[in-house]
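# Generate coordinates for the sequence data below:
(one chain, ligands or ions: 1)
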Amino acid sequence: MGKDVIIACDFDSFDKVISFLDLFEKEDRKPFVKIGMELYYAEGARVVREIRARGHKIFLDLKLHDIPTTVQKAMSVLSRMDVDMCNLHAAGGSAMMEAAIKGLTREDGTRPILIAVTQLTSTSEERLHSELLIDRPMPEVVMHYAENAKNSGLDGVVCSPLEAGKVHDRCGKNFVTVTPGIRFDSATVGDQVRVTTPALAKELGSDYIVVGRPVTAADDPVAAYRRCVEEFID
Ligand code: C5P
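Okay, here's the model as predicted:
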C-alpha cells in the first residue's frame with residue numbers, strides 16, 4: 001500500500017476547488033484529493049469527473065451508513081465513478097460492510113480501496129456511554145470496530161496517527177490507516193484535538209495522511225503540500 005498525502009478539499013463550490021487545484025498544475029506530483037460531503041452535495045458527480053480528468057487520485061469521503069442493500073447499490077454507483085478510495089461507517093455492521101464490498105467490486109474484479117470510520121473523533125467517551133449507550137472504553141470500541149471492518153473484507157480505517165500502530169498490531173501491517181489531524185505546529189491546531197506533524201505520522205506508521213487547512217489555508221499551498229510530502233514520504 002503506497003504512502004501518500006491526501007489534501008482534504010473542503011470547498012463549497014466547483015470553481016473554488018478548481019482554482020485551488022490550478023495552483024498544482026505544474027507540479028510533477030499530482031496531489032491525492034479528498035472530496036467530502038460539502039463539495040459532493042454542492043456539485044455532484046461532475047466535480048469527481050473533472051478532478052479525475054485532471055489526473056488526481058480521489059478519496060470520496062461520503063461515509064455511507066444504511067441497510068445493506070441500499071449501501072450495496074450506492075457503492076455500485078460509486079464504483080463506476082473511478083475513484084481510488086471511499087468509506088462507510090463501521091457502525092453499520094458486518095452485513096452492511098460485506099454488501100458494500102460486493103457493490104463496489106467491478107465486473108473485472110477491481111475496486112476502490114474501502115475504509116471504515118470506527119467512531120467519529122467528535123464523539124467523546126462520555127457521550128459514547130451516556131448517549132450511544134456503549135459501555136466499553138473508547139479505545140476498545142475503536143479497535144473492535146477496526147477488527148469488524150477487517151473481518152468484513154475492508155482495507156482499512158480512518159484513525160488518528162496516534163492509533164495507527166495499534167491498528168496495525170491488531171489488524172496487520174497491510175490494513176490501511178488513513179489519518180487526519182495533521183498540523184505543522186501546535187499554534188494552528190484549530191478544532192482538531194490530538195494532532196501530529198507529517199513527520200511524526202510517518203514515524204507512527206500512518207499509510208496516508210489527510211491534510212486540510214494546513215495546505216488549503218496556507219499562504220503558499222504548493223509549498224505546504226511539498227513540505228507534507230518531504231516530511232511524510234521522501
Ligand atoms: O483542515 P483539517 O486538516 O483539520 O482537515 C481534516 C479533514 O479530515 C477534514 O476533511 C475532516 O472532515 C476529516 N476528518 C477528520 N477527523 C476524522 C475524520 C475525518 O478530521 N476522524
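# my read is Asp82 is in a helix, agree?
No. Counting by DSSP: H, G, I helix; E, B strand; the rest coil, Asp82 falls outside a helix, being coil.
# Is the nearest residue to it once chain neighbours are set aside within a helix or a strand, and which one?
Among residues not flanking Asp82 along the chain, Arg52 sits closest, at 5.7 Å (CB to CB, 6 or more residues apart in numbering). Every C-beta, even on glycine, is put in place using the N, C-alpha and C of the backbone. Arg52 belongs to helix 45-53 when assigned by DSSP states H and E.
# Render the CA-only coordinates of the helix or strand just after that helix in CSV, please.
Following helix 45-53 in sequence order, the next helix or strand is strand 58-64 (DSSP H and E). The C-alpha trace of strand 58-64 is given here as CSV (Å, rounded to 0.1, in the frame of the first residue of the first chain):
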residue,chain,number,x,y,z
ILE,A,58,-9.6,10.7,-5.4
PHE,A,59,-10.8,9.7,-1.9
LEU,A,60,-14.6,10.1,-2.0
ASP,A,61,-15.4,10.7,1.7
LEU,A,62,-19.2,10.2,1.9
LYS,A,63,-19.3,7.9,4.9
LEU,A,64,-22.2,5.6,3.9
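# which residues are contacting strand 58-64?
With CB atoms under 8 Å, 6 or more residues apart in numbering as the test, strand 58-64 has contacts from 6, 8, 32-37, 40, 48, 51-52, 71, 74-75, 78, 81, 83-89, 92, 100, 112, 117, 178, 208, 210.
# again, 6 Å this time
Contacts to strand 58-64, defined as CB atoms under 6 Å, 6 or more residues apart in numbering, come from residues 6, 33-36, 71, 74, 83-89, 117.
# Check stretch 5-21 too.
31-34, 36, 38-39, 42-43, 47, 59, 208-210, 212, 215, 228-229, 232.
# Now do stretch 194-214, average pLDDT.
Averaged across stretch 194-214, pLDDT comes to 95.
# ok, and does it reach over to the ligand?
Yes. Using CB under 6 Å from any ligand atom, stretch 194-214 reaches the ligand at Val210, Val211, Gly212, Arg213, Pro214.
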